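Undergrad: The sequence and its predicted three-dimensional model are supplied below.
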Amino acid sequence: MSAFKTLDDLPQDLSGQRALVRVDLNLPMKDGQATDLTRVTAVAPTILELADRGAKVLLLAHYGRPKGERHSTMSISMVQGDLERVLDREVMFIPEVAGPVAAQAIDILRPGDIGLMENVRFWPGEEANDADFAKSIAANGDFYVNDAFSAAHRAHASTEALAHLLPAYAGRAMEKELKALDAALGTPQPPVAAVVGGAKVSTKLAVLENLSRKVQHLVIGGGMANTFLAANGVHVGMSLCEHDLTDTARAIMDAADAAGCTIHLPYDVVVAKEFAANPPSMRVCNVHEVAADEMILDIGPLAVEALGDVLKTCATLVWNGPLGAFETPPFDEATVALAKTAAALTQAGALVSVAGGGDTVAALAHAGVAEDVTYISTAGGAFLEWMEGKELPGVAALSA
């Protein structure tokens with residue numbers, strides 16, 4: 001990973017300096033109230049540190065998909081109250097991101113004050129990564145901080161172009177994320193295991209292809225495992241399976257084999273005739289004993305135990321996606337059991353564990369071990385693209 005500057009590279013005293021800080025405040029809302037403040041708590045340390053060092057902190061963020069037009073229901077002011085509560089500071093809403101109105105508001109701010117600028121996506125120049133639009137925003141700042149890893153896979157004006165126009169730094173959340181990702185796949189301690197779950201192979205093809213070249217153990221779970229089992233000639237009954245991708249699955253297995261990567265598929269599974277909580281037809285069987293009217297909904301206890309033994313031989317773990325249909329009990333058991341093993345190994349200092357993606361975060365929280373793994377990325381698309389081995393524009397711009 002290329003070197004990037006952090007807040008430690010800025011002068012300690014930032015009195016009166018204008019900091020343009022890209023954050024992710026795209027919060028899930030219900031009845032005008034945010035239902036999850038994780039993204040705010042993630043960026044709070046950067047905002048407070050810059051304010052406490054005397055900077056005028058100007059927050060840039062997007063909210064929803066207004067497609068370059070103003071919509072009152074998508075004003076970033078919707079999250080102002082939540083931001084103030086988490087920061088325990090007053091925040092001034094600025095209804096523009098550039099021009100005389102913005103400049104006038106910024107002049108009113110005192111050193112250490114915080115301003116929340118309007119939804120950057122109200123202007124078409126944001127998603128177009130327009131250079132002139134970026135310049136008009138840059139005119140308001142002395143330096144730029146990106147603390148929005150979850151938006152770093154987008155080459156937008158506020159995530160990419162701005163970093164080339166002003167001295168650019170990674171915020172504390174971004175710094176933490178980049179260090180964790182580097183420890184997991186950039187320069188990891190081998191042997192490395194990757195757990196990749198989820199419903200469809202088609203959504204994670206690039207991830208599987210990239211990981212099979214980089215890790216020593218690739219654990220495939222969820223509905224994806226059924227496609228790989230079918231590629232090996234296993235009859236998967238009524239299970240979710242992309243039969244048209246069995247050739248692709250075989251190619252991934254061949255490539256993994258050539259790269260010295262072991263692919264782990266379940267040899268015992270939990271099946272049922274209907275997908276419901278605790279169905280009476282549920283049973284555990286060998287993968288070769290799945291009946292035509294049954295579907296695989298989780299991996300079995302023997303396979304989980306074997307995977308736990310694999311993790312005990314590894315130094316690094318990357319996890320994305322559950323092993324079974326974990327939202328519906330008891331098809332959460334394999335995910336919970338392996339998550340607990342990974343957490344215990346991490347706590348014992350034997351494993352560096354990095355997990356990411358919405359379902360994964362939910363699964364680890366459900367297993368009660370979210371606090372016990374090394375790092376959890378709340379980024380969805382950016383985390384997946386990083387697992388695919390892609391360069392993220394917002395990250396690349398920081399190390400330019």
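TA: Great, that's in hand.
Undergrad: Let's verify Y144: helix, strand, or coil?
TA: Under DSSP: H, G, I helix; E, B strand; the rest coil, Y144 falls in the strand class.
Undergrad: wait, it sits on L166?
TA: Yes - with contact taken as C-beta atoms under 8 Å, Y144 and L166 are classed as touching, separated by 4.2 Å. Where you see a C-beta, it was placed from the backbone N, CA and C, and this is true even at glycine.
Undergrad: list the residues that contact both of the two?
TA: Listed contacts common to Y144 and L166 are 20, 138; contacts here mean C-beta atoms under 8 Å, 6 or more residues apart in numbering.
Undergrad: Give me the more crowded residue out of the two.
TA: The neighbour comparison of Y144 against L166 (other C-beta atoms under 10 Å) goes to Y144, with 25 against 20.
Undergrad: Return the residues in contact with that one.
TA: By C-beta under 8 Å, 6+ apart, the contact set of Y144 is 19-22, 138, 162-163, 165-169.
Undergrad: can we see that at 7 Å?
TA: 20, 162-163, 166-168 (C-beta atoms under 7 Å, 6 or more residues apart in numbering).
Undergrad: thought L50 was touching K56?
TA: No - counting by C-beta atoms under 7 Å, L50 stays clear of K56, with 8.9 Å between them.
Undergrad: Next, show the common contact partners of those two.
TA: Shared contacts of L50 and K56 (C-beta under 7 Å, 6+ apart): A19.
Undergrad: And C314, how far from P191?
TA: Plainly put, C314 is 5 Å away from P191 if you go by C-beta to C-beta, to the nearest Å.
Undergrad: more crowded one of those two?
TA: When C314 and P191 are compared on other C-beta under 10 Å, the one with more neighbours turns out to be C314, at 23 against 16.
Undergrad: what are the ranges of the helices in the stretch 151-300 of the chain?
TA: 162-165, 172-181, 205-214, 222-231, 246-258 (DSSP state H, counting those that start in this stretch).
Undergrad: With mean neighbour count added, can I get the ones you listed in CSV?
TA: CSV is the format used below for the helices of the stretch 151-300 of the chain (neighbours: other C-beta atoms under 10 Å):
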stretch, mean neighbour count
helix 162-165, 21
helix 172-181, 22
helix 205-214, 19
helix 222-231, 25
helix 246-258, 16
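Undergrad: Quick one: closest of these to A339.
TA: Nearest to A339, of all the helices of the stretch 151-300 of the chain, is helix 222-231, at 14.0 Å by C-beta to C-beta.
Undergrad: Show me how the record splits the protein into domains.
TA: Using automatic domain parsing, the domain parsing of the chain gives 7-175, 188-387.
Undergrad: nearest to L398, of these?
TA: L398 lies closest, by C-beta to C-beta, to one member of the domains of the chain: domain 7-175, at 5.3 Å.
Undergrad: before we move on, back to that, mind checking which of the domains of the chain is nearest V395?
TA: Smallest distance to V395 across the domains of the chain (C-beta to C-beta): 5.0 Å, for domain 7-175.
Undergrad: Where does pLDDT dip in the chain?
TA: Where the chain drops to pLDDT under 70, the residues are 1-2, 400.
Undergrad: Redo the helices of the stretch 151-300 of the chain as a markdown table? Include distance to S399.
TA: Output for these, formatted as a markdown table (distance: least, C-beta to C-beta, whole Å):
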| stretch | distance to S399 |
| --- | --- |
| helix 162-165 | 9 |
| helix 172-181 | 9 |
| helix 205-214 | 20 |
| helix 222-231 | 33 |
| helix 246-258 | 30 |
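Undergrad: closest to C285 out of those?
TA: helix 222-231 (12.8 Å).
Undergrad: Can I get that closest one as CSV, trimmed to CA atoms?
TA: C-alpha atoms of helix 222-231 as CSV (Å, rounded to 0.1, in the frame of the first residue of the first chain):
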residue,chain,number,x,y,z
GLY,A,222,-23.6,-19.5,1.9
GLY,A,223,-25.5,-20.2,-1.3
MET,A,224,-22.2,-19.8,-3.2
ALA,A,225,-20.9,-23.1,-1.8
ASN,A,226,-23.8,-24.9,-3.5
THR,A,227,-22.6,-23.8,-6.9
PHE,A,228,-19.1,-25.1,-6.1
LEU,A,229,-20.5,-28.4,-4.8
ALA,A,230,-22.5,-28.8,-8.0
ALA,A,231,-19.3,-28.1,-10.0
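Undergrad: Give me the contact list for stretch 225-240.
TA: Outside stretch 225-240, the residues that reach it (C-beta under 7 Å, 6+ apart) are 199, 201, 220, 223, 241-243, 245-246, 249-250, 265-266, 287-288, 290-296.
Undergrad: Please pick the buried ones from the residues you listed.
TA: The neighbour count (16 or more other C-beta atoms under 10 Å) marks 199, 201, 220, 223, 241-242, 245-246, 249, 265-266, 287, 290, 294-296 as buried among the contacts of stretch 225-240.
Undergrad: Just give me the closest of these to G357.
TA: Set against G357, the nearest of the buried ones among the contacts of stretch 225-240 by C-beta to C-beta is A199 (12.5 Å).
Undergrad: who are the neighbours in contact with the closest one?
TA: A199 is in contact with 222-223, 240, counting by C-beta under 7 Å, 6+ apart.
Undergrad: could those residues be laid out in JSON lines, adding distance to P45?
TA: Below are the contacts of A199 laid out as JSON lines (distance: C-beta to C-beta, whole Å):
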{"residue": "G222", "distance to P45": "34"}
{"residue": "G223", "distance to P45": "38"}
{"residue": "L240", "distance to P45": "41"}
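Undergrad: The host helix or strand of V395 packs against which elements?
TA: If you go by DSSP states H and E, V395 is part of helix 393-398. Contact here means 3 or more C-beta pairs under 7 Å, 6 or more residues apart in numbering; DSSP states H and E; on that basis helix 393-398 packs against helix 162-165, strand 168-170.
Undergrad: export those to CSV and tack on distance to T187?
TA: Listed next are these as CSV, based on distance: least, C-beta to C-beta, whole Å:
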stretch, distance to T187
helix 162-165, 23
strand 168-170, 17
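Undergrad: closest one to G380 among these?
TA: strand 168-170 (19.7 Å).
Undergrad: May I see the buried residues of the closest one?
TA: Going by 16+ other C-beta under 10 Å, strand 168-170 has these buried residues: 168-170.
Undergrad: helix, strand or coil for K135?
TA: helix.
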